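> here are the coordinates; sequence isn't available:
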């Protein structure tokens with residue numbers, strides 16, 4: 001009995017070791033790319049959905065739509081925009097956390113964010 005268990009472990013180890021170095025077959029690639037139902041209204045491929053969860057939203061398109069006229073945003077400027085936005089959100093979160101602790105709440109709720117948003121916006125403007 002013990003020998004059988006040991007043999008199973010060894011074969012399992014060998015197969016996993018083999019799988020590390022082999023290329024994916026077409027069937028496996030197709031399986032990965034298959035779409036699955038997300039929410040109730042749209043289909044998104046699995047890879048795109050995972051990327052969507054891991055990536056922060058890009059602000060370049062938002063700025064282009066809100067700007068008057070046609071503007072070109074270079075990569076360095078785009079990075080600065082992203083950093084400024086992250087700093088703003090960080091300060092907003094800190095203020096909302098402080099407000100939540102003042103009200104003896106363990107979680108930050110929408111009301112806490114709304115209460116401090118005006119103050120944080122004034123600070124951000126300078």
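It's in. Just so we're clear, the structure is a prediction, and the values are computed from it rather than from any experiment. Residues are numbered from 1 along each chain as shown.
> The lengthiest helix in the chain - contacts with which helices or strands?
In the chain, taking DSSP state H as the definition, the longest helix is helix 75-102. If you count contacts as 3 or more Cβ pairs under 8 Å, 6 or more residues apart in numbering; DSSP states H and E, helix 75-102 packs onto helix 60-66, helix 110-125. Yep, even glycine has a C-beta here, placed from its N, CA and C like the rest.
> So which of those has the densest surroundings on average?
helix 110-125 (a mean of 13; mean count of other Cβ atoms under 10 Å).
> what angle do it and helix 75-102 make?
For helix 110-125 against helix 75-102, the angle by axes from the mean of the first three to the mean of the last three Cα atoms, to 10 degrees is 130 degrees.
> Packing partners of helix 110-125?
Using 3+ Cβ pairs under 8 Å, 6+ apart as the contact test, the elements touching helix 110-125 are helix 75-102.
> Now do the contacts for residue 98.
Residues in contact with residue 98 (Cβ atoms under 8 Å, 6 or more residues apart in numbering) are residue 116.
> Quick one, grab the pLDDT at it.
In this model, residue 98 is scored at 92, pLDDT.
> Same check on residue 118?
Reported pLDDT for residue 118: 90.
> what residue ranges in this structure score low on pLDDT?
Residues of the chain meeting the criterion pLDDT under 70: 1-24, 26-57.
> I figured residue 124 hits residue 88, correct?
Yes: using Cβ atoms under 8 Å, residue 124 is in contact with residue 88, at 5.5 Å.
> quick one: residue 93 and residue 64, what's the gap?
27 Å (Cβ to Cβ, to the nearest Å).
> Which one, of the helices and strands packed on helix 75-102, ends up nearest to residue 101?
The closest of those to residue 101 is helix 110-125. By Cβ to Cβ, the value is 9.4 Å.
> show me what contacts residue 84?
Not one residue lies near residue 84 by Cβ under 8 Å, 6+ apart.
> Over to residue 68: give its phi and psi.
Main-chain dihedrals, residue 68, degrees, to the nearest 10: phi -90, psi 120.
> so how many other residues sit close to it?
5 (other Cβ atoms under 10 Å).
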